[in-house]
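> Starting from these lines, generate the structure:
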Amino acid sequence: FLSLVSTTWHSNDDDVYRAPPIDRSILPTAPRAAREPNIDRSRLPKSPPYTAFLGNLPYDVTEESIKDFFRGLNISAVRLPREPTNPERLKGFGYAEFEDIDSLFQALSLNEESLGNRRIRVDVADQAQDKDRDDRCFG
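Here you go, the predicted model:
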(Lines give C-alpha, C1' and ligand atoms only; values in the text may rest on other atoms or scores of the structure.)
Protein backbone atom coordinates (compact mmCIF):
# COMPACT_ATOMS: atom_id res chain seq x y z
CA PHE A 1 0.00 0.00 0.00
CA LEU A 2 3.00 2.31 0.22
CA SER A 3 2.54 3.25 -3.42
CA LEU A 4 -0.61 5.15 -2.43
CA VAL A 5 1.33 7.41 -0.08
CA SER A 6 1.95 10.78 -1.62
CA THR A 7 5.54 11.93 -1.75
CA THR A 8 4.89 15.41 -3.06
CA TRP A 9 6.16 16.97 0.17
CA HIS A 10 9.68 16.95 -1.21
CA SER A 11 8.89 17.93 -4.79
CA ASN A 12 9.46 21.32 -6.32
CA ASP A 13 5.98 21.61 -7.83
CA ASP A 14 4.58 25.08 -7.34
CA ASP A 15 1.10 23.79 -6.55
CA VAL A 16 2.32 22.06 -3.37
CA TYR A 17 1.16 23.84 -0.24
CA ARG A 18 3.92 25.70 1.52
CA ALA A 19 3.71 27.12 4.98
CA PRO A 20 3.92 30.89 4.95
CA PRO A 21 7.49 32.05 5.47
CA ILE A 22 8.39 32.89 9.04
CA ASP A 23 9.21 36.54 9.55
CA ARG A 24 12.64 35.98 11.02
CA SER A 25 13.09 39.64 11.85
CA ILE A 26 10.76 39.27 14.81
CA LEU A 27 12.64 36.33 16.28
CA PRO A 28 15.15 37.32 18.96
CA THR A 29 17.69 34.86 17.58
CA ALA A 30 17.51 36.19 14.04
CA PRO A 31 20.97 36.53 12.50
CA ARG A 32 21.85 40.10 11.66
CA ALA A 33 21.38 39.46 7.95
CA ALA A 34 17.73 38.44 8.42
CA ARG A 35 16.81 41.65 10.19
CA GLU A 36 15.92 44.75 8.26
CA PRO A 37 19.22 46.60 7.99
CA ASN A 38 19.09 49.95 9.75
CA ILE A 39 20.10 51.81 6.65
CA ASP A 40 18.74 55.16 5.72
CA ARG A 41 17.25 54.41 2.29
CA SER A 42 17.77 58.03 1.29
CA ARG A 43 21.53 57.29 1.24
CA LEU A 44 21.04 54.72 -1.51
CA PRO A 45 21.76 55.84 -5.06
CA LYS A 46 18.68 56.78 -7.09
CA SER A 47 20.05 55.22 -10.27
CA PRO A 48 22.74 52.69 -11.25
CA PRO A 49 25.45 51.87 -10.53
CA TYR A 50 24.34 50.40 -7.21
CA THR A 51 27.77 50.03 -5.68
CA ALA A 52 28.74 48.92 -2.20
CA PHE A 53 32.08 49.81 -0.66
CA LEU A 54 33.70 46.80 1.00
CA GLY A 55 36.20 47.52 3.74
CA ASN A 56 38.47 45.50 6.02
CA LEU A 57 38.73 42.71 3.44
CA PRO A 58 41.16 39.86 4.06
CA TYR A 59 44.20 40.22 1.81
CA ASP A 60 43.62 36.79 0.28
CA VAL A 61 40.04 37.59 -0.78
CA THR A 62 39.06 36.82 -4.38
CA GLU A 63 36.24 37.99 -6.63
CA GLU A 64 34.77 34.52 -6.25
CA SER A 65 34.76 34.70 -2.45
CA ILE A 66 33.06 38.12 -2.64
CA LYS A 67 30.41 36.73 -5.02
CA ASP A 68 29.93 33.79 -2.68
CA PHE A 69 29.58 36.15 0.30
CA PHE A 70 26.77 37.97 -1.54
CA ARG A 71 25.26 34.78 -3.03
CA GLY A 72 21.58 35.13 -3.82
CA LEU A 73 21.97 38.81 -4.69
CA ASN A 74 22.19 40.19 -8.21
CA ILE A 75 25.87 41.08 -8.28
CA SER A 76 27.14 42.41 -11.58
CA ALA A 77 30.76 43.31 -10.86
CA VAL A 78 33.44 43.07 -8.19
CA ARG A 79 36.45 45.39 -8.13
CA LEU A 80 39.40 44.73 -5.84
CA PRO A 81 42.06 47.46 -6.18
CA ARG A 82 45.66 46.30 -5.83
CA GLU A 83 48.75 48.01 -4.47
CA PRO A 84 50.51 49.78 -7.38
CA THR A 85 53.91 48.86 -5.91
CA ASN A 86 52.93 45.21 -5.36
CA PRO A 87 50.21 44.07 -7.80
CA GLU A 88 49.91 40.75 -5.96
CA ARG A 89 48.69 42.51 -2.84
CA LEU A 90 45.16 43.84 -2.47
CA LYS A 91 44.52 47.14 -0.77
CA GLY A 92 42.11 45.59 1.72
CA PHE A 93 39.00 47.22 0.28
CA GLY A 94 36.92 46.86 -2.83
CA TYR A 95 33.58 47.42 -4.48
CA ALA A 96 30.66 45.21 -5.36
CA GLU A 97 28.23 46.45 -7.96
CA PHE A 98 24.65 45.21 -7.91
CA GLU A 99 22.06 45.12 -10.69
CA ASP A 100 19.26 46.49 -8.56
CA ILE A 101 18.64 48.66 -5.53
CA ASP A 102 17.22 45.79 -3.48
CA SER A 103 20.35 43.71 -3.90
CA LEU A 104 22.42 46.66 -2.71
CA PHE A 105 20.06 47.15 0.22
CA GLN A 106 20.35 43.46 1.15
CA ALA A 107 24.12 43.60 0.77
CA LEU A 108 24.27 46.42 3.30
CA SER A 109 22.61 44.14 5.85
CA LEU A 110 25.78 42.01 5.73
CA ASN A 111 27.84 44.82 7.27
CA GLU A 112 30.02 43.42 10.06
CA GLU A 113 29.48 39.82 8.93
CA SER A 114 32.58 37.66 8.74
CA LEU A 115 34.40 36.93 5.51
CA GLY A 116 37.43 34.76 6.04
CA ASN A 117 38.71 35.82 9.46
CA ARG A 118 37.51 39.42 9.32
CA ARG A 119 34.35 41.34 10.00
CA ILE A 120 33.96 43.27 6.80
CA ARG A 121 32.44 46.67 6.32
CA VAL A 122 29.71 47.02 3.72
CA ASP A 123 28.57 50.55 3.01
CA VAL A 124 27.13 52.62 0.19
CA ALA A 125 30.00 53.63 -2.05
CA ASP A 126 30.38 57.36 -2.40
CA GLN A 127 29.51 57.80 -6.08
CA ALA A 128 31.79 60.76 -6.78
CA GLN A 129 34.70 59.20 -4.92
CA ASP A 130 34.09 55.88 -6.61
CA LYS A 131 34.35 57.39 -10.10
CA ASP A 132 37.45 59.32 -9.14
CA ARG A 133 39.08 56.20 -7.75
CA ASP A 134 38.24 54.24 -10.87
CA ASP A 135 40.14 56.62 -13.06
CA ARG A 136 43.23 56.29 -10.90
CA CYS A 137 43.07 52.52 -10.40
CA PHE A 138 42.17 51.49 -13.88
CA GLY A 139 43.69 54.27 -15.94
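> For the chain, which segments are assigned as helices?
In the chain, the helices defined using DSSP state H lie at 63-69, 101-108, 127-137.
> check contacts around Glu83.
Arg89, Leu90, Lys91 (C-beta atoms under 8 Å, 6 or more residues apart in numbering). Just so you know, the C-beta spots here come from the backbone N, C-alpha and C atoms, and that holds for glycine as well.
> How many residues are close by Glu99?
Residues lying near Glu99 (other C-beta atoms under 10 Å) number 15.
> In space, what's closest to it - neighbours in sequence excluded?
Nearest residue to Glu99 in three dimensions, chain neighbours excluded: Asn74, at 3.9 Å (C-beta to C-beta, 6 or more residues apart in numbering).
> just Tyr59 next, same as before
With C-beta to C-beta, 6+ apart as the criterion, Tyr59 has its nearest non-adjacent residue at 5.4 Å, and that residue is Leu90.
> Wait, the one you found touches Leu80, no?
Yes - counting by C-beta atoms under 8 Å, Leu90 does reach Leu80; the two are 5.3 Å apart.
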